[in-house]
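Colleague: Quick one, what's the 3D model for this:
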Amino acid sequence: MSTNYAVFIRHGDYHHQAATPGAYQPFPLTNEGEEQVENCIAKLIRFSQQHDLTIAPTLHSSILLRAWSTAEIIRRKLATIIPNESYSLVETEQLCERSVGSLANLSISEIEQVVQDDPRYERPPSGWKSDSYYRLPYPGSESLMQAGERVSAYINQVMSTLPENASLMQLFIGHGAAFRHAACDQSMLGFDDIKKLSMFHAEPIYFTLNEDTGWQHRAGEWKIRSQHSNYTD
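Modeller: Okay, here's the model as predicted:
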């Protein structure tokens with residue numbers, strides 16, 4: 001029986017400020033990142049052919065530049081490879097990385113100092129950036145788990161609109177931490193796996209959704225995280 005696939009694609013490598021939460025940094029892909037996306041397209045085409053799938057004509061992307069650029073490169077290239085199909089791109093905040101709200105684009109040390117200097121709050125706990133349930137106490141902030149719940153809800157909504165068993169491959173282009181926490185929210189990853197795993201840049205991970213069994217990992221590799229690494233998007 002045919003089925004529909006959802007595909008997580010983390011954006012390609014991008015220019016970013018060191019020691020700063022990457023979530024809302026507004027910087028473009030590096031040359032390496034663009035090459036990663038080109039390689040990703042070849043893998044998507046090959047997987048669709050091997051499994052007799054059609055790439056859904058609408059791509060869904062985070063509104064952040066690095067994700068949009070990744071999605072737009074894919075969209076343009078697909079249009080040249082499959083000229084009889086028209087591809088479009090939907091940008092949404094629902095696929096963005098975890099937001100630190102009004103503290104966006106401050107360095108980690110600056111964020112910690114702001115919170116410490118605020119008489120209402122204590123300094124953030126050690127390791128707060130990778131604490132799945134910690135939320136900075138400022139407008140617009142969310143925890144990593146809240147971001148994952150947001151992403152998983154959006155993916156479920158989009159997938160529910162596809163014709164059943166149409167053999168479609170729906171692409172979602174976004175960010176590593178939010179995708180991993182979305183996978184945890186849907187029990188595709190265990191909570192302890194979040195800290196052990198990451199995502200390669202522009203490497204697709206394929207899964208299916210089933211009303212009885214939930215999200216099922218079908219293909220594509222998670223990246224094994226270094227023991228001493230911190231969460232990055």
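
Colleague: which parts of the helix or strand that I194 is a member of are buried?
Modeller: Secondary structure from DSSP states H and E places I194 in helix 191-196. Of the residues in helix 191-196, I194 count as buried by neighbour count, 16 or more other CB atoms under 10 Å. To be clear about C-beta, it is placed using only N, CA and C from the backbone, and glycine gets the same treatment.

Colleague: I would like the residues contacting it, please.
Modeller: 130, 132, 180-181, 184, 222, 224-225 (CB atoms under 8 Å, 6 or more residues apart in numbering).

Colleague: Quick check: what element follows it along the chain?
Modeller: Using DSSP H and E, the helix or strand that follows helix 191-196 in sequence is strand 197-198.

Colleague: Mind giving me the packing neighbours of that next one?
Modeller: helix 176-185, strand 223-224 (3 or more CB pairs under 8 Å, 6 or more residues apart in numbering; DSSP states H and E).

Colleague: Export the ones you listed as CSV, with columns for distance to D118.
Modeller: CSV is the format used below for these (distance: least, CB to CB, whole Å):
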stretch, distance to D118
helix 176-185, 25
strand 223-224, 36
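
Colleague: So which of those is the most surrounded?
Modeller: The highest mean neighbour count among the helices and strands packed on strand 197-198, using mean count of other CB atoms under 10 Å, belongs to helix 176-185: a mean of 26.

Colleague: roughly how far is that helix from the heart of the chain?
Modeller: Taking CA atoms, centre = their mean, to the nearest Å, one finds helix 176-185 lying 7 Å from the centre of the chain it belongs to.

Colleague: What mean pLDDT does it get?
Modeller: Averaging pLDDT along helix 176-185 gives 97.

Colleague: so where's the longest helix in this protein?
Modeller: Ordering each helix of the chain by length in residues (DSSP state H) puts helix 31-50 first.

Colleague: Which pLDDT does the model give the spatially most distant residue from the centre of the chain?
Modeller: Among residues of the chain, the one most distant from the C-alpha centroid is P119; the distance is 34.9 Å, by CA atoms, centre = their mean. Listed pLDDT for P119 reads 96.

Colleague: Remind me which helix or strand it belongs to.
Modeller: Using DSSP H and E, P119 falls outside every helix and strand.

Colleague: Give me the below-cutoff pLDDT ranges for the chain.
Modeller: 1-2, 227-233 (pLDDT under 70).

Colleague: Let me see the ranges of the strands in it.
Modeller: Shown for the chain, the strands assigned by DSSP state E span residues 5-10, 54-55, 58-62, 88-92, 168-174, 197-198, 205-210, 214-219, 223-224.

Colleague: I'd like the ones you listed as a markdown table, with distance to V158 appended.
Modeller: Shown next, in a markdown table, are those (distance: least, CB to CB, whole Å):
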| stretch | distance to V158 |
| --- | --- |
| strand 5-10 | 8 |
| strand 54-55 | 14 |
| strand 58-62 | 6 |
| strand 88-92 | 9 |
| strand 168-174 | 6 |
| strand 197-198 | 23 |
| strand 205-210 | 10 |
| strand 214-219 | 13 |
| strand 223-224 | 25 |
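
Colleague: what's the closest of the ones you listed to S107?
Modeller: Of all the strands of the chain, strand 197-198 sits nearest to S107, with 21.4 Å by CB to CB.
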